[in-house]
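S.K.: predicted model, plus sequence, below.
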Amino acid sequence: MTHPKAMIGLFAMLAAHAMSSHAKATEMMPDPAFVKSTLVGEWWATPNIKFDYRPGELCGSVAGGTDQPWDAILGFNGLRLTKGEHYRLSIIASGDPDGPMRAIAQKVAEPWTPEGEIKRRVSTDKQTLSESFTAGETHAPAQLVFQLGGSDTSWRFCLHSASLMTGEKISPVAATSGISAIRVNQLAYFPDGPKRATLVRKGNSRLDWKLVSSTGKLMTSGKTNANGHDKSSGLEVQTIDFSSFDRVGDGYRLIAGSETSPPFSISRDAYGALRNDALSYFYKVRSGIEIKQDLAGKGYGRPAGHLGKKPNRGDTSVGCLDTKTARKVYGKDWSCSYRLNVSGGWYDAGDFGKYVVNGGIATAQLLGVYERALNHGGGASPALSDRLVRIPEAGNGVADILDEARWELDFLISMTVPEGQPYAGMAHHKVHGKGWPSGPLLPHNDKEERVLHRPSTAATLNLAAAAAQGARLFARTNKDYAQWLLTAAIHAYHAAEANPKLYAPSTDGSFGGGDYQDDDVSDEFYWAASELYLTTGDPLWLKRAKASPHWSGPVFYPDGFSWRAVAALARIQLASVPSNLSKKDLRAIRSSVKKAADAYLHLQKKEAFGLMYNPKDGFGWGSNQSLIQNMIVVATAFDVTGERRYLQSVRESMDYLLGRNALGNSYVTGYGTSYSHQQFSYMFAASADPSYPPPPKGALAGGPNSGLADDYAIKTLKGCAPQTCYVDDSRSFSTNEIAINWNAPLTWIASFLADTR
């Protein structure tokens, strides 16, 4: 998580587009989603492009052997650009094979003055791309062109949507005008699962709908059900329920009135690939190791970051924060005389910080993927596989998920204060640069001096909990390593007991990294004691867990659990991991999980978009992660009860993340027709600099955040309904960041959906 002050000096090349509010947003393209039966408007192409149209896409076969981008053009005439007006160009495009594309809104004659431009190499995966701009001159007429030249070989370019919005204030919902009003899960529905879509439509009159195949054949039909005004989205909506249709297939679309949905599948096997991609994210964000392109994919290879080689100033020998800065951060003097090798681990989010509290819960939930597959996956889950994903350790006889988790576990333990020093056995809260570097930037080019921040009780207990869980899982394949983890976990717990109130202050985020402030660690004590009990079976650890107010107190809340509130994670672990708990204790624990799941199902029934999340005070930072954590609670209820209503509710809630939401956007990169692809990240920064890779496939965007904690979100989203407090722009780190503690639960829930029938 990037601190609100983090953007000072970051991506300075990107000026925020201030948007005032005295003109209505207007779509300039006549059929932006290509839903009409015939092509509408003044489309044209140079002779070396043969273009063809069918509802849903406009494609062109581009001849090879061209030198310059403008040697092959697909264009649209009949536009007008007005000086001083604000515009947003949004397209969904693909290429087969990969090919060069420049989309430009420009003057229609020489000197072809460009006003807005998107430059990207497009691939077979559909890419959702957008750019906001302000016209510097009036051009009447103007045109939108797609320059496709510069390739030695011929290739095929397809447009799946082309939208150009104008207006002084372009709201998030208005900006989706090029997206169908029928919001669907753009990946897939299960044949035996709930299949619902949400239609954005004013009025209460019911509308006829039909489901058609990829060839346009009618499959089934019905009438919508009016929901009225939906508070979380600010929209009037209706529901399309086609749950009774169960035929497996690809390319299905819903049609209601003049609206046609994006294509989707009905499949039993759609989520295995998502599990793999979500897990593969972690290799790409490893610190202290070369990332090999043949494993990570084209564009993602890079030298090792923070391995003590210039210009890096860490992480093989890192000292503590200087006393002067510590006094500003903690209100008192603190430093240390030792240096630690804290290389390895994962970069936390968009920045290069490594934080023990976030690393702890992310590691625990990755380990949870393996543990859930072991205990509730029937013994045949691919999550137990040694060759699940492409990582250097594949084929070593250890499950890939455990290999990936070990990369962080070793780092967490390396953050321990040495014996003989003040706070010995405690874990340093975090390591990052003295100041925020300017991006875009690859890790090996970071020049900031790295420093250790003061140990914290929360960090120490995160280490204890994650290491204890790791110990029982690694015991199956590496008993020596498992014992080392267990010893570290016990040592950390006792160190935390000796220093139970050493907190990380909120002011900490002003000095080069996020704060991860937490002044209530009772839940961390409960979690760590629970994991130690589940690993050892020692009644002394159970006694500690039972002494916690969280043992029988409330731990489940509408806004989910997170790094700051981990009691719910402890509860579902106690409910689902085999142990020697008494029947009475186990019954009470599982009853509380079931009660929480029922509450989430009750909430879901009231939500027009099918999600089990809607806190009274608005959507929070990382709302998509919070939603997934609620889904994990419900999934756990299914595991311990076998009641299929819990499975079905998790399936439906996944629809929201994959496109059935107010913005019609899939929040998982690379999944769906329109998906987040411009998340804030130093190294996945293609939206700021095309020489950098984009966020990888399977990366989860943080999602709507009613708090609007960055300048860009404040300027563009003021007054937004909760579901619409999101913008897919790298300048909005408070709505659109990526993070390890978001991708870990995504991996968990994707694995659950892939394995559970």
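M.R.: Good, I have the coordinates. The structure displayed is predicted, hence computed values, not measured ones.
S.K.: so which strand or helix has Tyr656?
M.R.: Remark: Tyr656 resides in helix 644-657, with elements defined by DSSP states H and E.
S.K.: list of residues touching that helix?
M.R.: By C-beta atoms under 8 Å, 6 or more residues apart in numbering, the residues outside helix 644-657 that reach it are 184-185, 189-190, 193-194, 196, 597, 600-601, 604, 609-613, 624, 627-628, 630-631, 634-635, 637-638, 666-668, 700, 749, 752-753, 756. Using the backbone N, CA and C atoms, a C-beta is placed for each residue, glycine as well.
S.K.: now intersect those residues with the helices, please.
M.R.: Among the contacts of helix 644-657, the members falling in helices are 597, 600-601, 604, 624, 627-628, 630-631, 634-635, 637-638, 749, 752-753 (criterion: DSSP state H).
S.K.: just the buried positions in the helix holding Tyr656, please.
M.R.: Of the residues in helix 644-657, those scored as buried under the neighbour-count criterion (16 or more other C-beta atoms under 10 Å) are 646-657.
S.K.: now it, how far from the centre of its chain.
M.R.: Its chain's C-alpha centre lies 18 Å from the corresponding centre of helix 644-657 when counted by C-alpha atoms, centre = their mean, to the nearest Å.
S.K.: then stretch 397-412?
M.R.: The gap between the average C-alpha position of stretch 397-412 and the chain average comes to 21 Å, counting by C-alpha atoms, centre = their mean.
S.K.: what of stretch 329-336?
M.R.: Here the centre of mass of C-alpha atoms in stretch 329-336, compared against the chain's by C-alpha atoms, centre = their mean, lies 35 Å away.
S.K.: which residues sit against it?
M.R.: Among residues not part of stretch 329-336, those counted as contacts by C-beta under 8 Å, 6+ apart are 319-323, 326-327, 417, 421-422, 452-454, 505, 507-508, 510-511.
S.K.: need the buried ones from those residues selected in ChimeraX.
M.R.: Here is the ChimeraX command that picks out the buried ones among the contacts of stretch 329-336, judged by 16+ other C-beta under 10 Å:
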select :319,320,321,326,417,452,453,454,508,510,511
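S.K.: buried stuff in stretch 655-666?
M.R.: Using 16+ other C-beta under 10 Å, the residues of stretch 655-666 that count as buried are 655-666.
S.K.: gap between the two ends of that stretch?
M.R.: End-to-end distance of stretch 655-666: 9 Å, with C-alpha to C-alpha, to the nearest Å as the criterion.
S.K.: ok, now stretch 664-676?
M.R.: Start-to-end span of stretch 664-676 (C-alpha to C-alpha) is 11 Å.
S.K.: and the contacts of it?
M.R.: For stretch 664-676, using C-beta under 8 Å, 6+ apart, the contacting residues are 92, 125-126, 128, 160-161, 176, 179-180, 183, 186-187, 262-263, 274, 277-278, 624, 657-659, 677, 679, 694-701, 703, 726, 728, 736, 746.
S.K.: flag every buried residue along it.
M.R.: Of the residues in stretch 664-676, those buried under the neighbour-count criterion (16+ other C-beta under 10 Å) are 664-676.
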